[in-house]
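1. For reference, the sequence and a predicted model appear below.
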Amino acid sequence: MSEGSSRKRGLLTILKGIALVGLLVGLMVWLSGALEEKVHPGPPIPKPPPPPDLSWSRVELREYPLILDQVGTVRTQAQAQVSSRILAQVKEILVREGDSVKGPDETGGHPTVLARLDDRDIRAKLRRSHSQLKATKRALEAARARLEAARARVEAARAQRTQALSDYQRYEQLYRTGAATGQKLEHARAQKETAEAQFRAAQQEVEAIEREILQLQAQAEQAQAAVTESQVLLSHTVITAPFSGRVVRKEVEVGDMVGPGQVLFLLETPSHPELHAIVSESLLPHISVGQDLEVYVDALHRTLEGRVREIVPRADPATRTVLVKVALPPREGLVSGLFGRLRVPYGRYETLVVPKKCVRSVGQLHLVDVRGPDGHPTRRFVTLGEVHNEMVEVLSGLKEGEEVALP
């Protein structure tokens, strides 16, 4: 019983496997369509004629100037960093960023005061210098008066010496003839020597006073120099605008201690903008002072007509570039720091162009409809280049002489 049952179960399993395989084969045959009736192909459906109102534009090969863009930054022709010349504390600030200021003009007008520094120490020094100068001048006047008196004494001593010398010579002659005694001669000699001593003393007094006057004059000059220095330092405590323009940046606040050379304000003249472009040295033969060149300012989305104002006669040995300054016309929104491109012509080149209106944009892709051999439009992807007025360059996707559909 057991052996017969096992044999039956094995036979049943085999039959189930065969049935399953047959079912799978039948399903595959049905899915392949072998059991259905075949439809034989007929003639192709003819295409409709192309739209009669469709206009076409031919792909042309044109020549354009080769323009190389050189990057630069918009600056102002006149820009100044107003700094301090002395060590002092900021006492008062009279302007804010963006304020317009006025510089000294030809009529002698006063410039705008930007800030004031603490001037108490300088004023105290100026008072001391004035006092020293006055005292020195008074001493100089007194010395000059004493000099006049000393010179008068010299003249009196000279007269006395002359008289004493004359008396001595006269008594000496009388002594030789026996008309005068030796005592009188000795008395005359003593008077002559005394007169000579008084004359020398008077001369020495004059020389001493003259030396004193020279010293006082030197002291007066030093005192005057100290006064002038204090006055100059006092003028440095008032920070004024060097020219008419606008305050771009303020670097200090009231109470800050500033030193010589420290920048306080940045001023510029917005009425004279220019582009400072870094130009490759290979383009210098194509640029000259006074030449008109186009400048594209990205922030304004505008192309401005500029004129080369200066070519700095020095190249950067690391980058092999030269700084070129191009004057620009004043425009609203044209401020310092904007990015710009200087368009330098560098020969000519040929390229394929089509009208801009023939190109459709889908995301990052550009499409045109190209006229096929049967006259029907065929969609084609193209790569675009520069735009020239109403035409646009086609870098790839089209050939010269092909026609594209106009909208």
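-> Happy to help now that I have it. Numbering: from 1, shown residues only.

2. ok, the closest residue in space to residue 147 that isn't next to it in sequence - how many residues close by?
-> Nearest-residue entry for residue 147: residue 209, 4.5 Å, with adjacent residues in sequence omitted and distances by CB to CB, 6 or more residues apart in numbering. In this view, the C-beta of every residue, glycine as well, is placed from N, C-alpha and C. Using other CB atoms under 10 Å, residue 209 has 19 neighbouring residues.

3. cool, residue 133 as well?
-> By other CB under 10 Å, the residues close to residue 133 number 19.

4. all helices of the stretch 201-350 of the chain, in order?
-> Taking DSSP state H, counting those that start in this stretch as the criterion, the stretch 201-350 of the chain carries no helices.

5. where do the strands sit along it?
-> Chain-ordered strands for the stretch 201-350 of the chain, with DSSP state E, counting those that start in this stretch as the definition, fall at 238-240, 245-250, 257-258, 263-268, 273-280, 292-297, 302-316, 321-327, 339-355.

6. I'd like those strands as CSV, with mean pLDDT appended.
-> Putting the strands of the stretch 201-350 of the chain into CSV (pLDDT from 0 to 100) gives the following:
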stretch, mean pLDDT
strand 238-240, 92
strand 245-250, 88
strand 257-258, 93
strand 263-268, 90
strand 273-280, 93
strand 292-297, 93
strand 302-316, 92
strand 321-327, 94
strand 339-355, 92
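
7. Tell me which of those strands is the most buried.
-> Here the criterion is mean neighbour count by mean count of other CB atoms under 10 Å, and of these the winner is strand 273-280, at a mean of 22.

8. Name the strands paired with that one and say parallel or antiparallel.
-> Based on DSSP bridges, the strands next to strand 273-280 in the sheet, each with its direction, are strand 60-76 (antiparallel), strand 321-327 (antiparallel).

9. and the direction of the shortest one versus that of strand 292-297, what angle?
-> For strand 321-327 and strand 292-297, the angle between their directions (axes from the mean of the first three to the mean of the last three CA atoms, to 10 degrees) works out to 90 degrees.

10. do the same with the first one
-> Computed with the same axes, to 10 degrees, the direction of strand 60-76 lies at 80 degrees from that of strand 292-297.

11. quick one: contacts of the helix or strand just after strand 60-76?
-> Using DSSP states H and E, the helix or strand that follows strand 60-76 towards the C-terminus is strand 79-83. Counting by CB atoms under 8 Å, 6 or more residues apart in numbering, strand 79-83 makes contact with 114, 239, 241-243, 260-269, 336, all of which sit outside it.

12. neighbouring strands for strand 79-83, and are they parallel or not?
-> Strands that pair with strand 79-83, judged by DSSP bridges, come out as strand 263-268 (antiparallel).

13. For the helix or strand encompassing residue 171, the averaged confidence score.
-> Assigned by DSSP H and E, residue 171 falls within helix 120-177. The predicted model gives helix 120-177 an average pLDDT of 90.

14. tell me the contacts of the closest residue to residue 402 other than its chain neighbours?
-> Counting by CB to CB, 6+ apart, residue 59 is the residue found nearest to residue 402 once chain neighbours are left out, at 4.7 Å. Listed by CB under 8 Å, 6+ apart, the contact set of residue 59 reads 352, 353, 354, 394, 398, 399, 400, 401, 402, 403, 404.

15. and residue 59, how far is that from residue 174?
-> 142 Å (CB to CB, to the nearest Å).

16. hang on, isn't residue 262 packed against residue 87?
-> No - Residue 262 is not in contact with residue 87 according to CB atoms under 8 Å; the separation is 9.2 Å.

17. the more surrounded of these two?
-> When neighbours are counted by other CB under 10 Å, residue 262 comes out ahead of the other of residue 262 and residue 87, with 15 against 12.

18. ok, now how distant is the more buried one from residue 342?
-> Computed as CB to CB, the residue 262 to residue 342 distance reads 34 Å.

19. And residue 390, by the same measure?
-> 25 Å.

20. Same question for residue 261.
-> Shown here: residue 261 relative to residue 342, a distance of 33 Å by CB to CB.

21. try residue 139
-> Between residue 139 and residue 342 the computed distance is 69 Å (CB to CB).

22. Just the element for residue 23, please.
-> Element membership of residue 23, judged by DSSP H and E, is helix 2-31.

23. how far does that helix sit from the chain's center?
-> Relative to its chain's centre, helix 2-31 lies at 94 Å (CA atoms, centre = their mean, to the nearest Å).
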